[in-house]
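Asker: Predicted structure and sequence below. I'll ask about it afterward.
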Amino acid sequence: MEKLENNFNQKSKIEKLDIKTQIAKEKDWEDYKKLKILEMTEEGKEMHDFSQKKLDILNNMTEEEWKKELSRKDMFVVLARNDSDPVGISCATEDERGFWVFGDLHVEKEFRNKGVGRKMFLERLNEVKNRGGKKIILAVKINNEAAIHLAESFGFEKISKMEQLKFIKYPKSLITEQIMELGILK
Ligand SMILES: CC(C)(COP(=O)(O)OP(=O)(O)OC[C@H]1O[C@@H](n2cnc3c(N)ncnc32)[C@H](O)[C@@H]1OP(=O)(O)O)[C@@H](O)C(=O)NCCC(=O)NCCS
């Protein structure tokens, strides 16, 4: 009952805000660029392996390069808008094993805790299902309670540290990051 009420409250908040999510197309490149750079400069510093070099690369990308990103077959971007303003971004990329890797989940600060992250997460999940994806993986900082809660609520499970060794590039990140996975999608 409590859960139902929570869902209802969250739905009402979204309706008031008029949040819409969509798979970004080439024409959305400017919104994608804006949010990707914002994510990198704000939370990105704490959440990922932030480097000024990566940020410089993003800042120097041309319109054509941004558009090319959005037309890749092995990747898609979900954008959330409040009216026409972009307020959230999330990405998914298919790796060489055919697994989908979720990344770049970001909601602008003033729009957090209003169900925007959940709405984008669901849209991203459905898109992977539509594309016949069999498995999804994501990495999250171990203290990111909101992101872990969100992933768990969609059925993602934390994998063991031993298993995690198969996925990570830097063993040091085992201390700060948790990899979560969602198996066979139906
Ligand atoms: C993580 C993030 C994307 C969530 O987006 P959001 O729009 O605020 O999330 P929602 O409002 O959809 O809430 C999702 C769920 O998380 C819960 N939640 C929110 N903040 C929480 C917190 N600090 N601790 C535990 N749960 C939390 C909400 O209650 C909601 O759960 P419910 O639907 O079961 O009630 C957003 O906080 C963000 O952009 N953070 C910075 C970037 C980041 O951490 N990205 C994730 C990298 S993996």
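Answerer: Structure received. Numbers count the residues shown, from 1 in each chain.

Asker: where does the residue of the chain found nearest the ligand land in three-state SS?
Answerer: Here the residue of the chain nearest the ligand is Gly117; by C-beta to the nearest ligand atom that distance is 2.3 Å. Just so you know, the C-beta spots here come from the backbone N, C-alpha and C atoms, and that holds for glycine as well. Here Gly117 is helix, with the state taken from DSSP: H, G, I helix; E, B strand; the rest coil.

Asker: OK, contacts around it?
Answerer: Going by C-beta atoms under 8 Å, 6 or more residues apart in numbering, Gly117 touches Gly88, Ser90, Leu105, Val107, Ala146, Ala147, Leu150.

Asker: Tell me which strands the helix or strand hosting the second one pairs with, and in which orientation.
Answerer: With the criterion set as DSSP states H and E, the secondary-structure element containing Ser90 is strand 85-94. The sheet places strand 85-94 alongside strand 75-82 (antiparallel), strand 100-107 (antiparallel), with pairing taken from DSSP bridges.

Asker: quick check, the last one touching the ligand?
Answerer: Yes - interface with the ligand: strand 100-107 contributes Leu105, His106, Val107 (C-beta under 6 Å from any ligand atom).

Asker: Buried ones among the residues you listed?
Answerer: Buried by 16 or more other C-beta atoms under 10 Å: Leu105, His106, Val107, out of the residues of strand 100-107 next to the ligand.

Asker: tell me, how many neighbours does Gln52 end up with?
Answerer: 8 (other C-beta atoms under 10 Å).

Asker: make that Leu79, sorry
Answerer: Leu79: 22 neighbours (other C-beta under 10 Å).

Asker: So it sits against Thr21, correct?
Answerer: Yes - using C-beta atoms under 8 Å, Leu79 is in contact with Thr21, at 6.9 Å.

Asker: anything in contact with each of those two?
Answerer: Common neighbours of Leu79 and Thr21 (C-beta under 8 Å, 6+ apart) are Gly88.

Asker: circling back: of all the residues of strand 100-107 next to the ligand, which comes closest to Lys172?
Answerer: Leu105 (22.7 Å; C-beta to C-beta).

Asker: residues touching the closest one, list them.
Answerer: Contacts for Leu105 (C-beta under 8 Å, 6+ apart) come out as Ile89, Ser90, Cys91, Gly117, Met120, Phe121, Ala147.
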